[in-house]
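Engineer: Fold the following and give me the result.
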Amino acid sequence: MKKNEKALLTVKPQYGFGEQGRPASRGEAAVPPNAMLQIDLQLVSWKTVTEIGNDKTILKKILQEGEGYDRPKDCSTVKVKLIGKLDDGTMFVKKGHDGEEPFEFKTDEDQVIEGLDKAVLSMKKGEVAFVTIPPEHAFGSDETKQDLAVVPPNTTVYYDVELVSFDKEKESWELKDNAEKIEAAAKKKDEGNVWFKMGKYARASKRYGKALDFIEYESSFNEEEKQLSKPLKVSCKLNKAACKLKLKDYKEAKNLCTEVLEIDSTNVKALYRRAQAHMHLVDFDLAEVDIKRALEIDPENRDVKMGYRRLKEKVKEYERRDAKFYGNMINKLSKLEDDEGCGSSQGPSKKPRSLWPLAPFFTTDGSKLWLVLRLLIPVMILVALCVAYYVQSGVHEIDCVNC
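Structural biologist: Below you'll find the predicted structure:
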């Protein structure tokens, strides 16, 4: 429906009060069983409800639209008016009302609960919203004392929030002076280090990324500024790669280490962290290449030596797993062959028929066929990947002029 639209709805019993009907109550007439309903309806207004967060469990109902299109970002300084309540209406916090100055905090800095932080990041200046925050994004499983009341464990909380104003951090393009960019990058790197030590790897990763934004493109840098920014850039990329390893984003960790090695091909940390990413991506050959290269550069590096031992153990573990898997597969095929042979035999002198057509070319039981299969499997996988790429790319003709 559109705003102010009027409609007459006809509702079948199964979508109304069904076989039970409804008794009269509070001056409203009873509805008989299996009654067809007619409803006069007008859409007067509506409130937009937004699902926020990766799990979409934080709900924000907009009570008053804000101004323009701009919203706060991470590390913005925001000023809000807010009232927090429990299910029963008990008020546990009230800030920025009754002549009090708006409550000020910095987003994505753990200064307020996660749900409130995410809700404010989605608001525009002047917007008023009602926010519903489940326990996992509020105060969790602990009892928490707030300004006006205690919030019990595992409690959903509700906030009336008005975003009064916000100031975003300066972007790299807003800093005209290169020395200022390098200084801002160093500051962001230090912030990232603090969050990393606290185990907040996603937040640390964002800080390192922000630092790189300031110094990634150095076309306007003179030689001295390039020399200052280069180690900072390498350090931020390596630290961000460490965050990505912790967050199990192994492809991004690998890419970041590769970028470092393009700057400094002998960087042991980059080689080692890329080897770790390769290990998690089950690219053991590439992992071994990087670790061996790191040991050539720094033969006494304890971490790299331990990493090499872990790699060898991982390879053995996968070999055992593969041997067990394919061994079980061969045993099952052999059992099927034996069962078929027993079922189809006509007498003691008749040999069972083999299920494997190639078995006679190897041994009577086809046991050597497995050796050939082990050689063929990598080829089959390669062919499958090529076919998949061919189909996905949508190429129907192959130009062999330059083959």
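Engineer: what's the neighbour count on the residue nearest to Lys305 when sequence neighbours are not counted?
Structural biologist: The spatially closest residue to Lys305, leaving aside those adjacent along the chain, is Leu295, at 7.3 Å (C-beta to C-beta, 6 or more residues apart in numbering). No exception for glycine: its C-beta is placed from N, CA and C like everyone else's. Number of residues near Leu295 (other C-beta atoms under 10 Å) recorded here: 18.
Engineer: One more: Lys305?
Structural biologist: So Lys305, with other C-beta under 10 Å, has 15 neighbours.
Engineer: swap in the one 10 residues further on?
Structural biologist: By other C-beta under 10 Å, the residues close to Val315 number 16.
Engineer: quick one: it from Phe103, how far?
Structural biologist: With distances taken as C-beta to C-beta, to the nearest Å, Val315 is found 56 Å from Phe103.
Engineer: what about the helices in the chain?
Structural biologist: 114-121, 178-197, 201-215, 223-246, 250-263, 268-280, 284-297, 302-344, 369-393 (DSSP state H).
Engineer: need the ones you listed in CSV with mean pLDDT and distance to Thr57, can you?
Structural biologist: Compiled in CSV, the helices of the chain are given as follows (pLDDT from 0 to 100; distance: least, C-beta to C-beta, whole Å):
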stretch, mean pLDDT, distance to Thr57
helix 114-121, 96, 8
helix 178-197, 95, 24
helix 201-215, 95, 18
helix 223-246, 94, 24
helix 250-263, 96, 26
helix 268-280, 96, 29
helix 284-297, 94, 38
helix 302-344, 73, 37
helix 369-393, 67, 35
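Engineer: Let me have those in JSON lines, extended by distance to Leu41.
Structural biologist: Listed next are the helices of the chain as JSON lines, based on distance: least, C-beta to C-beta, whole Å:
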{"stretch": "helix 114-121", "distance to Leu41": "31"}
{"stretch": "helix 178-197", "distance to Leu41": "52"}
{"stretch": "helix 201-215", "distance to Leu41": "46"}
{"stretch": "helix 223-246", "distance to Leu41": "52"}
{"stretch": "helix 250-263", "distance to Leu41": "51"}
{"stretch": "helix 268-280", "distance to Leu41": "56"}
{"stretch": "helix 284-297", "distance to Leu41": "64"}
{"stretch": "helix 302-344", "distance to Leu41": "62"}
{"stretch": "helix 369-393", "distance to Leu41": "49"}
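Engineer: Which among these is found nearest to Val164?
Structural biologist: helix 114-121 (10.8 Å; C-beta to C-beta).
Engineer: Go through that closest one and flag the buried ones.
Structural biologist: If you call a residue buried by 16 or more other C-beta atoms under 10 Å, then helix 114-121 has these buried ones: 114-121.
Engineer: Longest strand of the chain, counting residues only.
Structural biologist: strand 157-167 (DSSP state E).
Engineer: coming back round to it: just so I know, which of the helices of the chain lies nearest Ser165?
Structural biologist: It's helix 114-121; of those, that one is closest to Ser165 (C-beta to C-beta) at 11.6 Å.
Engineer: Put the alpha carbons of that closest one into CSV.
Structural biologist: What follows is helix 114-121, C-alpha atoms only, in CSV (Å, rounded to 0.1, in the frame of the first residue of the first chain):
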residue,chain,number,x,y,z
GLU,A,114,28.4,-3.2,20.8
GLY,A,115,24.8,-3.0,19.8
LEU,A,116,24.5,0.7,20.6
ASP,A,117,27.7,1.4,18.8
LYS,A,118,26.5,-0.3,15.6
ALA,A,119,23.1,1.4,15.8
VAL,A,120,24.7,4.9,16.0
LEU,A,121,27.0,4.1,13.1
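Engineer: Tell me the strands beside the longest strand of the chain, with direction?
Structural biologist: strand 77-85 (antiparallel), strand 128-133 (antiparallel) (DSSP bridges).
Engineer: what is the orientation angle of the shortest one with helix 114-121?
Structural biologist: To tie it back to what came earlier, the one meant is strand 128-133. Interaxial angle of strand 128-133 relative to helix 114-121 (axes from the mean of the first three to the mean of the last three C-alpha atoms, to 10 degrees): 150 degrees.
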